[in-house]
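Visitor: need the 3D shape of this:
(3 chains)
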Amino acid sequence: MKIVLIHGSWHTGEHWQPVADHLRKAGYEVHTPTVAGHGKNVDKNVNHADCTRSIVDYITANNLSDFVLLGHSYGGTIISKVAEAVPERIRRLVYWNAFVLNDGESLNDATPPHYQALFDQIAGASTDNTIMLPFQVWREAFINDADLELAQQVYDSLSSEPYQPFVDKLDLKKFYTLTMPRSYINCTEDIALPPGEYGWHPRMSSRLGLHRLVQLSGSHEVMFTAPARLAEAIIAAARD
Amino acid sequence: MKIVLIHGSWHTGEHWQPVADHLRKAGYEVHTPTVAGHGKNVDKNVNHADCTRSIVDYITANNLSDFVLLGHSYGGTIISKVAEAVPERIRRLVYWNAFVLNDGESLNDATPPHYQALFDQIAGASTDNTIMLPFQVWREAFINDADLELAQQVYDSLSSEPYQPFVDKLDLKKFYTLTMPRSYINCTEDIALPPGEYGWHPRMSSRLGLHRLVQLSGSHEVMFTAPARLAEAIIAAARD
Amino acid sequence: MKIVLIHGSWHTGEHWQPVADHLRKAGYEVHTPTVAGHGKNVDKNVNHADCTRSIVDYITANNLSDFVLLGHSYGGTIISKVAEAVPERIRRLVYWNAFVLNDGESLNDATPPHYQALFDQIAGASTDNTIMLPFQVWREAFINDADLELAQQVYDSLSSEPYQPFVDKLDLKKFYTLTMPRSYINCTEDIALPPGEYGWHPRMSSRLGLHRLVQLSGSHEVMFTAPARLAEAIIAAARD
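Guide: Residues are numbered from 1 along each chain as shown, chains lettered A, B, ... in the order given. Model prediction:
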């Protein structure tokens, strides 16, 4: 089985390593490309189309086909657009606590007002239209199942997020005509989006139509706190 | 402890075997009658009253009393009507991801519009007013926690479901005057009904008034994917 | 690490013992004061301010500072007011399936109408304006994960609850200006408040603003049914 893992905001492909190791041990061929504009010391001047193109380029350059395409968080907005670009190469889409945007929406449109205000303020105060999560938000609402040491260690490895892809409104008309199978993985303690009206599940999952649900205990960043558990969930979500 | 297990749509009493084995090992006397019109090579021309009567007849023919009556899914509509017919024989009602209909409702009234449209279409295309679940719906939304082999194997053992009992509107006035204890078992990955507005829990469970909630991880068909785990949940739901 | 555990209705500080033992083994200094008007053979003529004062007095008499303050259920209404009184002493607030009242609300205002009616009736029938939970409500909706013997044994240790603190409307303006960190612990099978519109989570948790969520399997009374599991959750909620 081949799988392409698309990271979320503030992350790069390298952050998948503990999860990728488990998947490889289980026999998977794992790809973890980094989305354009992500990582330290790279050009942050990218829009959502640039981000999507960087992944499509990776897929075509490596001539990948018959693979599962997984997106985490912001990565969900990328895989929906990649699926529009190369649908025939994709065996199944897997969204892990990821955004499934409605046609015409931006990521920001799908977040609660207090996040939009926070992001606007942080991006406005930056010199390069990027945002960094305040540590306290990261520690309490993103990696709530870590101890402080791990929370701090991972935080130090994050990089600032280009803001333009959060505000670009996406044309997803073709996405909503696609018919490949899809799964949603939901972490039951993920409060990166507040549970309820603005929560991940079932708000985002229900937009997939017929889909397979897999749940696991853990936070939005369970890839660091329990990578084996997440790998198991990915295997259940990705199989057949 | 005596327990009578009432299966859901497309199933027969024989599908309970793995769960019944665990319950018997725990000391239970287990009954698994098949509802009229269910199974292969049987007359499918039944309505909801026929289905209910077949279970009441089983109970009286076997002179069962002081037993727990459990219904799964569609089986919930049956146990509510059986409870009206022989309330004095029943120690406790247990609904496992089961329909608890409002007075005057049909099962179809309690399902989301896309299911009603799908069922209408499948029944209309059948020669005997029955419905079969498309495999993809079964695999993704009913038995999402199985591997493909188990999903296929159980699917092959299912039989077409008489459609009339789905559309019969049930008089449940007496049911809502009954006072025997009741429990609701909810599988946290059950998406046979889509979570949220049309979900099992708390939509269905809340109609029971004072009840005992037991939850377990698993899909709508956890009886096949983790029968021991379901048996444990049944024991917690059925005790005292 | 120091922690002060504030019990809920019908309980006293002594009920924490199994949980406190686990926390002490993990190196915690644990305090379990009993709220005024709670316990057997004590004066039940107290209002909410008396209850709060009894805990503030305990904290100042023992000169406690830099501690985590945890409230269970009704205890949530107490810790919010204690936090207003001695904010500088508190390291973090932890609500475990606890009420987080809006400014101006009473506990009763935050419960479903059927509880208010039940409580009014029971208090009215008492000679001392107290309420006791009917055993069946306790057994099914509060300690649903116990066996009958444990349910009965703990019930026998409960004491009647002064009703005035349930109806006192609380001025919480200062509470909503406080900035110390806060956590919410949610038991996934807690139906003491009915899930959904009147549920604990996310209704109560969301009022905390930025907070850390910890979930565990168990009922409203998991302190008796799985004290080690609750202690683990408290440690995850209380750390840093």
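Visitor: beta partners of the closest residue in space to residue A:208 that isn't next to it in sequence?
Guide: Leaving aside its chain neighbours, residue A:208 sits nearest to residue A:182 (4.8 Å; criterion: C-beta to C-beta, 6 or more residues apart in numbering or on different chains). C-beta: built from backbone N, CA, C; applies to glycine. Bridge pairing for residue A:182 (DSSP bridges) gives the partners residue A:93.
Visitor: ok, residue A:182 to residue B:141 distance?
Guide: Residue A:182 sits 12 Å away from residue B:141, going by C-beta to C-beta, to the nearest Å.
Visitor: hang on, the residue nearest to residue A:208 packs against residue A:94?
Guide: Yes - in this structure, residue A:182 is within contact of residue A:94 by C-beta atoms under 8 Å, at 7.2 Å.
Visitor: in this structure residue A:222 contacts residue A:232, no?
Guide: No - in this structure, residue A:222 is not within contact of residue A:232 by C-beta under 8 Å, at 11.1 Å.
Visitor: before we move on, back to that, what sits against the residue nearest to residue A:208?
Guide: Going by C-beta atoms under 8 Å, 6 or more residues apart in numbering or on different chains, residue A:182 touches A:92, A:93, A:94, A:95, A:208, A:209, A:211, A:212.
Visitor: and what of residue A:111?
Guide: Taking C-beta under 8 Å, 6+ apart, we find residue A:111 in contact with A:119, A:193, A:198.
Visitor: rerun at 7 Å
Guide: residue A:193 (C-beta atoms under 7 Å, 6 or more residues apart in numbering or on different chains).
Visitor: mind checking pLDDT for it?
Guide: Looking at residue A:111, its pLDDT reads 97.
Visitor: ok, residue A:225 next?
Guide: Predicted confidence (pLDDT) for residue A:225: 98.
Visitor: roughly how far does it sit from residue A:112?
Guide: Taking C-beta to C-beta, one finds residue A:225 at 24 Å from residue A:112.
Visitor: which residues of chain A lie near chain C?
Guide: A:136-137, A:140-141, A:144-145, A:147-148, A:188-189, A:191, A:194-196 (C-beta under 7 Å from any C-beta of the partner chain).
Visitor: neighbour-wise, give me the winner out of those residues.
Guide: residue A:144 (26 neighbours; other C-beta atoms under 10 Å in any protein chain shown).
Visitor: and chain A, which residues reach chain B?
Guide: Counting by C-beta under 7 Å from any C-beta, chain A sits next to chain B at A:201, A:202, A:206, A:210, A:211, A:212, A:213, A:215, A:236, A:239, A:240.
Visitor: shouldn't the fifth one be in contact with residue A:185?
Guide: No - at 10.4 Å, residue A:211 does not count as touching residue A:185 under the criterion of C-beta atoms under 7 Å.
Visitor: the two: who's more crowded?
Guide: residue A:185 (27 against 24).
Visitor: now do the buried residues in stretch A:103-120.
Guide: A:106, A:107, A:108, A:110, A:111, A:115, A:116, A:118, A:119 (16 or more other C-beta atoms under 10 Å in any protein chain shown).
Visitor: save those residues as TSV, and put in secondary structure and distance to residue B:82 too.
Guide: Below are the buried residues of stretch A:103-120 laid out as TSV (DSSP: H, G, I helix; E, B strand; the rest coil; distance: C-beta to C-beta, whole Å):
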residue	secondary structure	distance to residue B:82
A:106	coil	53
A:107	coil	51
A:108	helix	53
A:110	helix	46
A:111	coil	49
A:115	helix	51
A:116	helix	53
A:118	helix	55
A:119	helix	56
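Visitor: and those, which is closest to chain B?
Guide: residue A:110 (16.2 Å; C-beta to the nearest C-beta).
Visitor: gap between the closest one and chain C?
Guide: According to C-beta to the nearest C-beta, to the nearest Å, residue A:110 and chain C sit 17 Å apart.
Visitor: let me know whether that residue touches residue A:99 as I believe.
Guide: Yes - applying C-beta under 7 Å, one finds residue A:110 in contact with residue A:99, separated by 5.7 Å.
Visitor: just the helices in chain A please.
Guide: A:17-25, A:48-61, A:75-85, A:113-125, A:135-137, A:148-157, A:164-167, A:222-225, A:227-238 (DSSP state H).
Visitor: quick one: closest of these to residue A:34.
Guide: Of all these, it is helix A:48-61 that lies closest to residue A:34, at 7.9 Å by C-beta to C-beta.
Visitor: distance between the lowest-mean-pLDDT helix or strand in chain A and the chain's centre?
Guide: Here the helix or strand of chain A ranked lowest by mean pLDDT, DSSP states H and E is helix A:113-125, holding a mean of 95. The chain centre lies 20 Å from the centre of helix A:113-125; the measure is C-alpha atoms, centre = their mean, to the nearest Å.
Visitor: which elements pack onto it?
Guide: Packing partners of helix A:113-125 (3 or more C-beta pairs under 7 Å, 6 or more residues apart in numbering or on different chains; DSSP states H and E): strand A:130-131.
Visitor: and if we set it to 10 Å?
Guide: Helix A:113-125 sits against strand A:130-131, strand A:161-162, helix A:164-167, with contacts defined as 3 or more C-beta pairs under 10 Å, 6 or more residues apart in numbering or on different chains; DSSP states H and E.
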